[in-house]
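Novice: Pasting the sequence and the predicted coordinates here, then a few questions.
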Amino acid sequence: MAEGLAQENQSSVSEFVLLGFSCPPKMQWLLFVTFLILYLMILLGNGVMITLIRTDCQLHTPMYFFLANLAFLDISYTTTTMPQMLTHLLSKRKAISYARCAAQMYIFLSLGITECVLYAVMAYDRYVAICQPLRYTIVMSRPVCISMAAGTWACGFLFAMMHTGFTMSLPYCGPNEINHFFCEVPAILKLACADPWVNEMVDFALGVILLMTPLSLIVLSYVFILAAILRIHSTGGKHKALSTCTSHITVVTFFYGAAMFMYMRPASSYEPERDKKFSLFYNVVSALLNPFIYGLRNKEVKGAFFKLVCKQ
């Protein structure tokens, strides 16, 4: 009898309430318009990048193949959270069911992990192009590129399943208010009815592995790339080699900096207002900047864009 009552008291919540951004109603409208514009810019910028890479035969190279994957990831990544966030900014009811919250967490994590691994693959592509240019077409053949891209997606969906499983295995019996604009792991763990220490350690370990392993490979690739660039005698050759790498380094710095701050620390240090800003940075700002950083700094992409405009 006592056990039955205890289980009843510890019953799981059926839905969560996303508190979103704490601001007056007038500010809610301003935020809605701002985020709507940002979301449309993300869709437009990344959509144009995918279209250019698909339609221009000069961009049918491994580097742009991975860039198209990145653009598609960024569209999917933001679509997982932003439409819901926009709806909740204008809605009084900001509830999300337990199942939808778990699904959102899983999809968000899988796409984020895929992007982490993809940055490492893109760094390897630059390493082969600069350090082994004569073998580039052999090493980075189309079947190899497709296999590497498929591997990044597989890593994302597999490790996200582990991450989500450990987080949602805890009992959540109330309160059910998530001080965030989507179901992110640190915010969810704050609501657990049981001691989340083991889950925090597992999530922390996964965060370290999934962030530091690709980042270490990126750093190692660029150590070899820098050494190869220093051996180039012509100034023009050095500038061309550097220009293909600086865009990638800039994007990696933005994305990894915010992601490491969120996932490489204990969930107990979660501070809602501060952490929501960091989540916006790697969820929205990174996806917004990627097409502009890769497009505006790249003569081939700009050339493909002007050709497409002239055809239209």
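Specialist: Yep, that arrived.
Novice: Only C-alpha atoms from now on, for both contacts and neighbour counts.
Specialist: Noted.
Novice: The spatially closest residue to L308 that is not a sequence neighbour: neighbour count?
Specialist: Using CA to CA, 6 or more residues apart in numbering and skipping the chain neighbours, the partner closest in space to L308 is L52 (7.6 Å). Residues near L52, counting by other CA atoms under 10 Å, number 23.
Novice: Over to I37?
Specialist: 12.
Novice: quick one: which helix or strand includes the residue nearest to the spatial centre of the chain?
Specialist: Of all residues in the chain, the one closest to the mean position by CA atoms, centre = their mean is G112, 3.6 Å from it. In this structure, G112 sits in helix 98-131 according to DSSP states H and E.
Novice: which helices and strands sit right next to the helix or strand following that helix?
Specialist: The first helix or strand that comes after helix 98-131 along the chain, using DSSP H and E, is helix 136-139. On a contact count with 3 or more CA pairs under 8 Å, 6 or more residues apart in numbering; DSSP states H and E, helix 136-139 meets helix 98-131.
Novice: Mind checking the pLDDT average for the helix it packs on?
Specialist: Helix 98-131 comes out with an average pLDDT of 92.
Novice: buried ones in it?
Specialist: 98, 101-102, 104-131 (16 or more other CA atoms under 10 Å).
Novice: Could you do stretch 301-312 as well?
Specialist: For stretch 301-312, by 16+ other CA under 10 Å, it's V301, A304, F305.
Novice: Redo those residues as a markdown table? Include distance to L31 and secondary structure.
Specialist: Formatted as a markdown table, the buried residues of stretch 301-312 follow (distance: CA to CA, whole Å; DSSP: H, G, I helix; E, B strand; the rest coil):
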| residue | distance to L31 | secondary structure |
| --- | --- | --- |
| V301 | 32 | helix |
| A304 | 34 | helix |
| F305 | 31 | helix |
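Novice: and of those, the nearest to S279?
Specialist: Nearest to S279 among these, counting by CA to CA, is V301 at 29.2 Å.
Novice: List the contacts of that closest one.
Specialist: Listed by CA atoms under 8 Å, 6 or more residues apart in numbering, the contact partners of V301 are L52, L59, G295.
Novice: Apply 6 Å and report the result again.
Specialist: G295 (CA atoms under 6 Å, 6 or more residues apart in numbering).
Novice: picking up where we left off before, for the helix holding G112, packing partners?
Specialist: Judged by 3 or more CA pairs under 6 Å, 6 or more residues apart in numbering; DSSP states H and E, helix 98-131 is in contact with helix 142-168, helix 197-230.
Novice: Please name the strands paired to the next helix or strand after the shortest one in the sheet, noting orientation.
Specialist: The helix or strand immediately downstream of helix 142-168 is strand 177-178, counting by DSSP H and E. Strand pairing for strand 177-178, using DSSP bridges, gives strand 15-18 (parallel).
Novice: centre of the chain versus the helix or strand that the strand it pairs with is followed by, how much separation?
Specialist: Downstream of strand 15-18, the first helix or strand assigned by DSSP H and E is helix 25-55. Its chain's C-alpha centre and that of helix 25-55 lie 16 Å apart, by CA atoms, centre = their mean, to the nearest Å.
Novice: residues of helix 25-55 that come out buried?
Specialist: Here helix 25-55 shows 28, 31-32, 35-36, 38-39, 41-43, 45-50, 52-53 as buried, counting by 16+ other CA under 10 Å.
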